[in-house]
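Q: Next input, structure requested:
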Amino acid sequence: MKLPLKSILPALGLALLSAGPIARAQDTPPPQAPGGGGQEQAPPPPPAHRRGRGLSPEQLKAKLGLTDDQFAKVSSIIAGQRDQMMALRDDDSISDEDKHDKMRAIMKSGHDQIRALLTPAQQKIFDSLTPPRPPPPPQPSGQ
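A: Okay, the predicted model is just below:
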């Protein structure tokens with residue numbers, strides 16, 4: 001007995017649509033029970049860019065091939081920048097425009113300090129990682 005083509009096509013389409021989620025479900029690993037399972041999962045890797053625009057000390061070490069001494073100094077500079085930025089954000093006595101200007105100055109100072117620690121070869125790579133930012137657009141006056 002021959003089945004009409006019109007009745008086979010809808011059934012075939014439905015079968016194809018339902019096969020996708022089933023195939024994807026087989027690709028995901030089974031969830032582990034909390035506290036059990038024997039192996040601890042590693043924490044997720046840090047994001048390529050944190051909330052700010054700069055790279056982490058670990059990322060700079062990997063990309064620039066920093067020595068342990070350079071890494072310690074770069075880490076200290078970045079931590080100092082972070083602390084200054086947090087203090088500035090929490091300071092309500094400064095206008096937003098002044099905060100923005102001071103944050104730019106903190107970032108530029110940190111960038112210059114890190115660059116001064118690097119060899120000429122590392123500086124070339126560092127410069128390609130941190131392209132100069134364009135100046136801010138002029139503020140409209142009198143509006």
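
Q: now the helices for this structure?
A: Secondary structure of the chain (DSSP state H): helices at 5-27, 57-64, 68-90, 96-117, 120-129.

Q: Of all the ones you listed, which one comes closest to Gln139?
A: The minimum distance between Gln139 and the helices of the chain falls on helix 96-117, with 8.3 Å, by Cβ to Cβ. Where C-beta positions appear, they are placed from N, C-alpha and C, glycine not excepted.

Q: in this structure, which segments are predicted with low confidence?
A: Low-confidence segments of the chain (pLDDT under 70): 1-53, 130-136, 141-143.

Q: how close does Lys124 get to Glu58?
A: Going from Lys124 to Glu58 by Cβ to Cβ, to the nearest Å gives 21 Å.

Q: Give me the neighbour count for Asp69.
A: Using other Cβ atoms under 10 Å, Asp69 has 9 neighbouring residues.

Q: do Gln139 as well
A: Neighbour tally, Gln139, other Cβ under 10 Å: 7.
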